[in-house]
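*Asks:* Fold the stuff below for me.
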Amino acid sequence: MRTRISAFAAAAASLAVGVPVARSDQSFTLLPHAPGMTRSASTGISGDGRTVVGVSHFGTGSYAPSKAFRWTAGGGLSVLPMPDGTYRASASAVSNDGSVITGTFSREILPFEVPEAYRWSAGDGTSILPTLSNATNPHRTGLGVSGDGRLVVGQGRNNVNKARAVYWDGVSTPVAFLPGILGSGQASRASADGSVLGGTTGYGIFRWSASEGYRGVPPKDEWYSVELGGMSDNGEVIAANARGYGFRLAYRWTQETGYVTLPLFANWKNSRATDVTPGGNVIVGELLPESENPGQAFYWSQTTGTVYLRSLLYPSVPDDWTLIRATGVSDDGLTVTGVATRNGEVRAFVATIPATPSLALLGVAGVCSRRRAR
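*Replies:* Below is the predicted model of the structure:
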């Protein structure tokens with residue numbers, strides 16, 4: 001068994017170059033910050049588990065400068081190039097093979113921030129995604145990307161300044177694809193080939209496809225808000241994050257079961273889901289912090305139920321680091337990215353879970369290309 005001293009020493013070495021702390025059957029890697037930045041968080045992982053995207057901040061203020069990053073095991077961390085004058089930038093999602101990334105950047109932050117969506121590809125670099133053709137407000141955000149990298153989904157503003165769920169096919173003019181009666185909304189998930197999209201409106205969570213159109217998933221009466229936390233590739237399994245009076249909880253939804261609460265441990269009251277594997281068999285997220293508790297990353301599967309992510313990585317995670325949030329999971333359910341903290345230091349991480357027979361079987365039905373998002 002690895003001793004505590006050797007884990008600490010390996011972790012210290014890893015911080016400089018982003019190399020893994022590992023056993024033969026698992027790994028845990030703390031990612032470096034973007035140059036000049038002091039805090040980092042991952043927001044998504046590619047379907048093959050080889051590319052992590054996220055954001056590095058300087059400081060903790062609401063308008064702290066930030067940089068969008070891309071990390072690979074072979075190439076390390078690189079900052080995504082942004083248009084001249086960019087003050088803040090983040091990456092939100094990455095395609096299945098890591099070759100396409102979307103996110104948001106801002107060149108103006110005063111008197112108020114003006115977010116703009118972008119699409120980055122390994123071949124073409126960074127492209128600014130256009131506004132809706134009738135937009136009177138330039139605000140738009142890139143939130144998700146299809147597994148093949150063709151479609152970007154997000155939010156744009158129309159001619160009456162209403163937020164609409166949109167998709168961009170490449171870098172073309174975005175399409176507001178939902179009926180106007182549904183009001184404000186955003187799209188945040190897209191399937192492998194972009195044929196199924198998911199997101200949230202004022203009426204709850206939705207799934208949309210060109211063949212079937214809009215399909216809503218109504219919230220429960222006791223909730224006052226709900227948002228999409230993740231979606232299987234066919235849209236038939238949904239992770240939902242709901243708020244009610246005195247609670248915030250993550251749910252798994254299917255047509256057969258309806259909304260089912262993801263089980264919590266004793267002394268935990270609130271949770272949030274952030275990603276789902278293509279087959280809907282694995283969900284990751286966070287047990288939300290309360291009082292002095294910083295929160296904990298969780299991993300749910302049909303085999304394990306809800307467990308602390310850390311428990312699947314023992315002893316690779318150094319004892320003095322807390323995994324506070326999981327933000328993405330690979331298609332096979334065995335590589336997870338998220339956020340870790342130690343004495344006020346905040347870093348992104350990526351970890352590989354040992355492929356025990358029970359966990360490996362979870363990925364068999366769902367190992368297919370799909371969108372990656374946060």
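*Asks:* Run a quick check on Leu233 versus Ala192, I expect a contact.
*Replies:* Leu isn't right for residue 233; it's Asp. Yes - Asp233 is within contact range of Ala192, at 5.7 Å (criterion: CB atoms under 8 Å). Any C-beta I mention is one placed from the backbone N, CA and C, and that applies to glycine too.
*Asks:* These two: who's more crowded?
*Replies:* When neighbours are counted by other CB atoms under 10 Å, Asp233 comes out ahead of the other of Asp233 and Ala192, with 26 against 20.
*Asks:* Skip the chain neighbours and tell me the closest residue to that one.
*Replies:* Closest residue to Asp233 apart from its sequence neighbours, by CB to CB, 6 or more residues apart in numbering: Pro278 at 4.0 Å.
*Asks:* what's around Val260, how many residues?
*Replies:* For Val260, the tally of surrounding residues (other CB under 10 Å) stands at 10.
*Asks:* Now name the helix or strand holding it.
*Replies:* Of the helices and strands defined by DSSP states H and E, Val260 is found in strand 258-261.
*Asks:* List the buried residues in that strand.
*Replies:* Taking 16 or more other CB atoms under 10 Å as the neighbour-count basis, strand 258-261 is seen to contain the buried residues Tyr259.
*Asks:* Next SSE downstream of that strand?
*Replies:* strand 271-276.
*Asks:* ok, back up a step: the strand holding Val260 pairs with which strands?
*Replies:* When pairing is defined by DSSP bridges, strand 258-261 lines up against strand 247-254 (antiparallel).
*Asks:* Tell me how far the residue nearest to Asp233 lies from Asp331.
*Replies:* Plainly put, Pro278 is 5 Å away from Asp331 if you go by CB to CB, to the nearest Å.
*Asks:* try Arg252
*Replies:* If you go by CB to CB, the gap between Arg252 and Asp331 works out to 18 Å.
*Asks:* Looking at these two, which has the bigger crowd around it?
*Replies:* Neighbours around Arg252 and Asp331, counted as other CB under 10 Å, are more numerous at Asp331. The numbers are 26 against 22.
*Asks:* mind checking the SS state of the more buried one?
*Replies:* Secondary structure of Asp331, reduced to three states by DSSP: H, G, I helix; E, B strand; the rest coil: coil.
*Asks:* gap between it and Asn96?
*Replies:* Note on Asp331: its distance to Asn96, by CB to CB, is 7 Å.
*Asks:* chain center to stretch 99-107, what's the gap?
*Replies:* Taking the mean of its C-alpha atoms, stretch 99-107 sits 14 Å from the chain's own mean (CA atoms, centre = their mean, to the nearest Å).
*Asks:* Can I get that stretch in PDB? Just the C-alpha atoms.
*Replies:* Output of stretch 99-107 as PDB, limited to C-alpha atoms (Å, rounded to 0.1, in the frame of the first residue of the first chain):
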ATOM      1  CA  SER A  99     -11.000  18.600 -31.300                       C
ATOM      2  CA  VAL A 100     -13.800  21.100 -30.800                       C
ATOM      3  CA  ILE A 101     -14.500  23.300 -27.700                       C
ATOM      4  CA  THR A 102     -17.100  25.900 -27.000                       C
ATOM      5  CA  GLY A 103     -17.500  28.500 -24.300                       C
ATOM      6  CA  THR A 104     -17.900  32.200 -23.600                       C
ATOM      7  CA  PHE A 105     -15.700  35.300 -23.500                       C
ATOM      8  CA  SER A 106     -16.200  38.900 -22.500                       C
ATOM      9  CA  ARG A 107     -14.400  42.000 -23.800                       C
END
